[in-house]
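> A structural model of the following input is requested.
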Amino acid sequence: MEIKPAAMVIPKDTSHLEQGKYGPVFPRTPACYGFTIIAKVKPGRADVMREYGNTLAKALEADPYLLAPLKLHYLRWVLFDDDTRFMYQGIFDTDFDKYTEDAVALFTRSGVNTAFENLEGFPADWKTNPEAFIRFVREHQCPSFIEYGEYPYVTADEIKKALKIKNALSEMLDQLQ
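Reported below is the predicted structural model:
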């Protein structure tokens, strides 16, 4: 099986895309599904944002599978412009609507809050009003115009399975020596 890198251009006009529950359904690209959010940080909240990173890291130490329902490849939280603006990037295997609905349910159930609470315009009632959460995300989303995948369309589960097989084969070969 040859794994051939691929790229996909995403058109600026999304009016032709299938409409999902909350707006256009962006296509699965070689990098899988994902989004980028850029928003203003509430004045004086940058340190709280950074502390959120510690809180989430500790929660993941206690339960490494806390975020597993989101079918993630990776997440990235970035403060920039002297900590006045924030960028969040997520790459995952479900479509946008499912990801955001699952994120609201997961964070509500786990008791872990979201860094987004420190952003201007983020709804205070997001845990009981998922539509407001999703509207905020869509309003602050900056869609890609091209996405690239070195191993295109491969899910996180497929990658984990391949690594398990590789490790099992390595262990088996070590025992044969």
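> Low-confidence regions, this protein specifically.
Within the chain, no range satisfies pLDDT under 70.
> Strands of that one, start to end?
Using DSSP state E, the strands of the chain run over residues 6-9, 33-40, 72-80, 85-92, 146-149.
> which one of these lies closest to residue 169?
Of all the strands of the chain, strand 72-80 sits nearest to residue 169, with 23.6 Å by Cβ to Cβ. Placement of C-beta: from N, CA and C, glycine included.
> ok now do the nearest residue to residue 46 once chain neighbours are set aside, which residues does it touch?
Nearest residue to residue 46, sequence neighbours excluded (Cβ to Cβ, 6 or more residues apart in numbering): residue 83, at 3.5 Å. The contact partners of residue 83, taken as Cβ atoms under 8 Å, 6 or more residues apart in numbering, are 41, 46, 49.
> Inside helices: which ones of the residues you listed?
Mapping the contacts of residue 83 onto helices (DSSP state H) picks out 46, 49.
> List buried members of the contacts of residue 83 by neighbour count.
The neighbour count (16 or more other Cβ atoms under 10 Å) marks 41, 46, 49 as buried among these.
> pretty sure the last one contacts residue 80?
No. Applying Cβ atoms under 8 Å as the test, residue 49 and residue 80 come out as separate, 11.5 Å apart.
> Please tell me how far the residue positioned nearest the centre of the chain sits from residue 103.
A centroid search over the chain (Cα atoms, centre = their mean) returns residue 90, at 2.5 Å, as the residue closest to the centre. Residue 90 sits 9 Å away from residue 103, going by Cβ to Cβ, to the nearest Å.
> shared neighbours, those two?
Residues touching both residue 90 and residue 103 (Cβ under 8 Å, 6+ apart) are residue 70.
> Now do the same contact list for the residue nearest to the centre of the chain.
Contact analysis of residue 90 by Cβ under 8 Å, 6+ apart lists 34-35, 70, 72, 74-76, 99.
> among those, which ones are buried?
Judged by 16+ other Cβ under 10 Å, buried ones among the contacts of residue 90: 34-35, 70, 72, 99.
> quick one: which of those is nearest to residue 146?
Checking the buried ones among the contacts of residue 90 against residue 146 by Cβ to Cβ gives residue 34 as the nearest, at 12.7 Å.
> residues in contact with the residue lying closest to the closest one once chain neighbours are set aside?
Here the nearest residue to residue 34 in space, its sequence neighbours aside, is residue 91; by Cβ to Cβ, 6+ apart that works out to 4.0 Å. By Cβ under 8 Å, 6+ apart, the contact list for residue 91 reads 31-34, 72-75.
> And for residue 131?
Applying Cβ under 8 Å, 6+ apart to residue 131 gives the contacts residue 22.
> Would you check how far apart it and residue 97 are?
Residue 131 sits 11 Å away from residue 97, going by Cβ to Cβ.
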